[in-house]
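Visitor: sequence-free structure coming up:
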């Protein structure tokens, strides 16, 4: 009985906060736009049978016919993928440095990685506007150094979006890699060197494979939220950056087309299910090896 | 037909494989190895024995190339090896934690070192098979390290470090993680493998029994220095100091002052109101010099009647009896208060034992049973 309650609580949580909202969104995606409150029809007020009879996949066929949507999906995938790779390239050396740092330094370094979470995410992204804009800190600094004559245009480009995403999600990359490297037994590296590896070779043949699970976990933790990201592209990316999160927002709030917005959300979720399942499997396999 | 005795250390023409020459290693202010010189010969099974923190692991890490001496030099086959990185040395190491690569199978672990050279694939496979056979692991080749037992892991580590046929194999507490029974079996296995491959083994251990069992010579270390280097028999029967005598096995130490009593014979005055003890010693002592007589418990006889033929006989009371099955150790308190351990083999059944607690007994030993030591 106790076991049942232990399982029941998280499942009730999932049911209330994930499954029910999803069903509602899915239901709206099958409806049509209407000038009413709520702005779609049919609703349960029309009678359950009438409602079910009026459902159709019109919104989904619309998504397929207008190339804006699949371009937005593709562009989101591309941006999320490149951001993830960049986050690995930036995050791995940081995690490695942390794991190799003297024992007494590690809590401080860990704190520095986590510290940004203490400030609102929105404020931090806004701060990047101040840094990256034409009159921003970065351009002023580079002009002062004399490296450039005219300000660089970074704001409202995809570059700014990459910077924003990598900056925001970097801790999610660093922490799992750090956890994997921290567990790594130093004598394994020594054994590899003893058996004829140079330092670099030992890193490649031992350190990298043994931190692979950390890298994979970090990649998913960056890729999954980056794919649906809306705040960063709309604040830093300007009108030129096409991302599905932004499209979703515009459909919902600017066009007030709830059914199409819901259809966009359902497709996004379906796309995300693949990496989420892969992520879960990776975590599970890691737990099995360690037990 | 007798086999020639393996004792290259006694042959002045023999060139040592490894030579430590006045090696000192400091870590900051801490002196881990203190002006140490030592020669190890080819095909030896050499044990570095000492308590933790005595510098034995540092010696091994200097041989492997993970540490460099602060002063002095280390030669391997006549060449100074200071500054040569571990991957360029014909030395392999078996780590205390085994350090098996968890992401690789047993086969791949053993092949790891071979793949770093320019061996052909077929040669690598043949060599790995050979090592698997040698360590009886053929059945487990495809398993990952976490899927095999501790004893098997130990053998994988051994096979991996032997695969490259190193000139010198270093073993850092190789059997520390095994339980006692397995450890004893593995000791003999190690000796067999050492003998059949002819590789020079240097083993680091804090377990004196292990060192005595496997090694051709043992170096007893303390605080960065070597106290004595000798064969296991030499270390046990002729320790050069109380430290060594006490570190290896059980020993009784009786301290006093010596008086010469004939050629290579000395009297030891050890307590008032008792006859001096007679001890033979090759090492000369001067009249009135302070000395310590070290006698192993098994060299002391215990009896209820005063023995007549023994040179040394002292009366005491049985304080304790430690029954070990095959042996019994009697703790006998002498009149002066000192407790002496005497050990006898239990050749009779327990019920027929004649000596029990609180009995007055005689303990006795011959003049040559003990060793007279200066310090």
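Guide: Nice, I can see it. The structure displayed is predicted, hence computed values, not measured ones.

Visitor: helix or strand for residue 263, which one?
Guide: You didn't say which chain, so I picked chain A. helix A:258-290 (DSSP states H and E).

Visitor: Wait, chain B was what I had in mind.
Guide: Following DSSP H and E, there is no helix or strand that holds residue B:263.

Visitor: What is the burial count for it?
Guide: 6 (other CB atoms under 10 Å in any protein chain shown). Backbone N, C-alpha and C define where each C-beta goes, glycine included.

Visitor: Same question for residue B:191.
Guide: As a burial measure, residue B:191 scores 16 neighbours (other CB under 10 Å).

Visitor: tell me the secondary structure for it?
Guide: What DSSP: H, G, I helix; E, B strand; the rest coil gives for residue B:191 is helix.

Visitor: Report whether the expected contact of it with residue B:215 is present.
Guide: No - counting by CB atoms under 8 Å, residue B:191 sits too far from residue B:215 to count as a contact (9.2 Å).

Visitor: Show me the common contact partners of these two, please.
Guide: Jointly contacting residue B:191 and residue B:215 under the rule CB atoms under 8 Å, 6 or more residues apart in numbering or on different chains are residue B:45.

Visitor: ok, residue 261 - contacts?
Guide: You didn't pick a chain, so chain A it is. Counted by CB under 8 Å, 6+ apart, residue A:261 has contacts A:248, A:251, A:252, A:255.

Visitor: my bad, chain B
Guide: Neighbour list for residue B:261: B:267, B:278 [criterion: CB under 8 Å, 6+ apart].

Visitor: Tell me how far it lies from residue B:254.
Guide: Separation of residue B:261 from residue B:254 (CB to CB, to the nearest Å) stands at 16 Å.

Visitor: Likewise for residue A:8?
Guide: Residue A:8 is 76 Å from residue B:254, by CB to CB.

Visitor: Ok, residue B:75 next?
Guide: According to CB to CB, residue B:75 stands 43 Å off from residue B:254.

Visitor: From residue B:26, how far off is whichever residue of the stretch 1-150 of chain A sits closest to chain B?
Guide: Residue nearest to chain B within the stretch 1-150 of chain A: residue A:102 (14.0 Å; CB to the nearest CB). According to CB to CB, residue A:102 stands 20 Å off from residue B:26.

Visitor: From the neighbour counts alone, determine which of those two ranks first.
Guide: The residue with more neighbours, out of residue A:102 and residue B:26, is residue B:26; 14 against 6, by other CB under 10 Å.

Visitor: Is the more buried one in a helix, a strand, or coil?
Guide: Going by three-state DSSP: residue B:26 is strand.

Visitor: in the sheet, who's paired with it?
Guide: Counting by DSSP bridges, residue B:26 is bridged to residue B:31.

Visitor: That one is in contact with residue B:70, isn't it?
Guide: Yes - shown here, residue B:26 and residue B:70 form a contact pair, counting by CB under 8 Å, at 4.7 Å.

Visitor: shared neighbours, these two?
Guide: Residues touching both residue B:26 and residue B:70 by CB under 8 Å, 6+ apart: none at all.

Visitor: what about stretch B:326-340, how long is it end to end?
Guide: The separation between the terminal residues of stretch B:326-340, taken as CA to CA, to the nearest Å, is 20 Å.

Visitor: quick one: contacts for residue A:42?
Guide: Contact analysis of residue A:42 by CB under 8 Å, 6+ apart lists A:31, A:32, A:50, A:51, A:54, A:55.

Visitor: ugh, typo on my part, it should be residue B:335
Guide: B:271, B:273, B:274, B:315, B:316.

Visitor: Which is the succeeding secondary structure element to whichever helix or strand the last one is part of?
Guide: Residue B:316 belongs to strand B:312-323 when assigned by DSSP H and E. Sequence-wise, the next helix or strand downstream of strand B:312-323 (DSSP H and E) is strand B:327-334.

Visitor: how about the residue nearest the centre of chain A, secondary structure?
Guide: Nearest to the mean C-alpha position of chain A, by CA atoms, centre = their mean, lies residue A:225 at 2.0 Å. Under the three-state scheme (three-state DSSP), residue A:225 adopts helix.

Visitor: So, low pLDDT: which residues of the chain?
Guide: Unless you meant another one, I'm taking chain A. Scanning chain A for pLDDT under 70 picks out the ranges A:290-291.

Visitor: right idea, wrong chain: chain B
Guide: In chain B, residues with pLDDT under 70: B:1-3, B:350-352.

Visitor: Identify the structural domains in it and state their residue ranges.
Guide: As recorded under automatic domain parsing, the domains making up chain B are B:8-246, B:250-373.

Visitor: Looking at those domains, which one is packed in the most?
Guide: Ranked by mean neighbour count under mean count of other CB atoms under 10 Å in any protein chain shown, those are led by domain B:8-246, which reaches a mean of 18.

Visitor: first vs last residue of that one, how far apart are they?
Guide: End-to-end distance for domain B:8-246: 28 Å, by CA to CA.

Visitor: dump the residue contacts of residue B:327.
Guide: By CB under 8 Å, 6+ apart, the contact set of residue B:327 is B:298, B:343, B:344, B:345, B:346.

Visitor: How about the residues of chain A by chain B?
Guide: Residues of chain A lying close to chain B by CB under 8 Å from any CB of the partner chain are A:185, A:187-188, A:190-198, A:201, A:205-206, A:209-210, A:212, A:289.

Visitor: among those residues, which ones are buried?
Guide: A:185, A:187-188, A:190-197, A:205-206, A:210 (16 or more other CB atoms under 10 Å in any protein chain shown).

Visitor: Among those residues, which one lies nearest to residue B:133?
Guide: Proximity of these to residue B:133 was ranked by CB to CB; the top entry is residue A:195 with 20.2 Å.

Visitor: could you pull out the helices for the stretch 51-200 of chain B?
Guide: Under the criterion DSSP state H, counting those that start in this stretch, the stretch 51-200 of chain B carries helices at the ranges B:56-64, B:106-115, B:121-134, B:150-162, B:180-197.

Visitor: now those as CSV including distance to chain A?
Guide: Converted to CSV, the helices of the stretch 51-200 of chain B look like this (distance: least, CB to the nearest CB, whole Å):
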stretch, distance to chain A
helix B:56-64, 6
helix B:106-115, 3
helix B:121-134, 13
helix B:150-162, 7
helix B:180-197, 17
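
Visitor: Tell me which of those lies nearest to residue B:226.
Guide: helix B:56-64 (9.3 Å).

Visitor: same for the closest one, what does it pack against?
Guide: Here helix B:56-64 touches strand B:18-27, strand B:30-40, strand B:45-49, strand B:71-76, strand B:91-94, strand B:168-172, strand B:200-205, going by 3 or more CB pairs under 8 Å, 6 or more residues apart in numbering or on different chains; DSSP states H and E.

Visitor: okay, the ones you listed in a markdown table with distance to residue B:328 next?
Guide: Output for those, formatted as a markdown table (distance: least, CB to CB, whole Å):
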| stretch | distance to residue B:328 |
| --- | --- |
| strand B:18-27 | 43 |
| strand B:30-40 | 39 |
| strand B:45-49 | 28 |
| strand B:71-76 | 47 |
| strand B:91-94 | 38 |
| strand B:168-172 | 35 |
| strand B:200-205 | 28 |
